[in-house]
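Q: Need the 3D shape of this:
(one chain, ligands or ions: 1)
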Amino acid sequence: MIIRRATAADAETLSALSRDTFVETFGHLYAAADLRDYLDASYAPARYAAQMDEQGCALWLMEDDGKAAGYVMAGPCKLPHADVQPGDMELMRLYVRRELQNGGHGARLFAQAMEWIAANGPKSCWLGVWSENIGAQRFYQRHGFGKVGEYLYEVGTARDLEFIFRRNMV
Ligand SMILES: CC(C)(COP(=O)(O)OP(=O)(O)OC[C@H]1O[C@@H](n2cnc3c(N)ncnc32)[C@H](O)[C@@H]1OP(=O)(O)O)[C@@H](O)C(=O)NCCC(=O)NCCS
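A: This next block holds a predicted model:
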C-alpha cells in the first residue's frame, strides 16, 4: 500500500474512486436522481483537474498493488463559518474503500494531508462531517478536531446537517 500525491493525470482514477466510495458510504441516503446529479457535478474528472490546477487543492491517492484504495483532499477552507480566516485550510475528503477500512490506512492518509496543511501555515484547519457519521467524528476528534458549528450541505434536492470541525494549528 503506497500513498502518492495525485496529479491532473489521475483525474479519471480519482473520479471513479470517489464515486465508488461516496456511494458505498452515503448512497443509501439519496434518491437516485439526486445522487447521480451530485456525483456528475462534484466528482467529475474535470472538477478534480481544475481543483488541482486552479484552486490550490492537493490530493493523495493510496494504491494497493496499483489499484486505487483511498484518497484524501485538502485545500483552502470554503466552509461557511464566521471565524474562517484568510489562509485557513480544509481537509475536504478522506475515504478508504470499505473492505480496507479499520486497518490504519485512513490515519496514514490523514497524516499525509495534515503535514501538507501544516506546511501552508494556516491558523486553523477545518472540515465538514455528516452529523450522523459518528465513526468519522470519533476519528477526527482523536486527531485534535472539535465541533464548532453546523451547516446544511446540498446533495441534489436533499439537505444534510453537517457538523463543522476545527483544529487550531498555531
Ligand atoms: C473515516 C475513514 C477514512 C477512516 O479510515 P480507516 O482506515 O478506516 O481508519 P483507521 O483504521 O486509521 O482508524 C479507524 C477509525 O476510523 C473510524 N471509522 C472506522 N470505520 C468507519 C466508517 N465506516 N465510517 C466512518 N469512520 C469509521 C473510527 O473512528 C475508527 O476508530 P474506532 O476504533 O474508534 O472505531 C474510513 O473509515 C472511511 O473511509 N469511512 C467512510 C468514508 C467517510 O466517512 N469519510 C469521512 C467523510 S467526512
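
Q: next SSE after the helix or strand containing residue 68?
A: In this assignment (DSSP states H and E), residue 68 forms part of strand 67-76. Sequence order places strand 89-96 as the next helix or strand after strand 67-76, per DSSP H and E.

Q: partners of that next one in the sheet?
A: strand 67-76 (antiparallel), strand 124-130 (parallel) (DSSP bridges).

Q: Compare these and give me the one nearest the ligand.
A: The minimum distance between the ligand and the strands paired with strand 89-96 falls on strand 124-130, with 4.2 Å, by C-beta to the nearest ligand atom. For every residue, glycine as well, the C-beta is placed using N, CA and C.

Q: C-alpha coordinates for the closest one, PDB please?
A: Output in PDB follows, covering the C-alpha atoms of strand 124-130 (Å, rounded to 0.1, in the frame of the first residue of the first chain):
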ATOM      1  CA  SER A 124      -6.800  26.700  11.700                       C
ATOM      2  CA  CYS A 125      -7.700  23.600   9.700                       C
ATOM      3  CA  TRP A 126     -11.400  23.000   9.200                       C
ATOM      4  CA  LEU A 127     -13.600  20.100   8.000                       C
ATOM      5  CA  GLY A 128     -17.200  19.200   7.500                       C
ATOM      6  CA  VAL A 129     -18.600  15.900   8.600                       C
ATOM      7  CA  TRP A 130     -22.100  14.500   8.300                       C
END
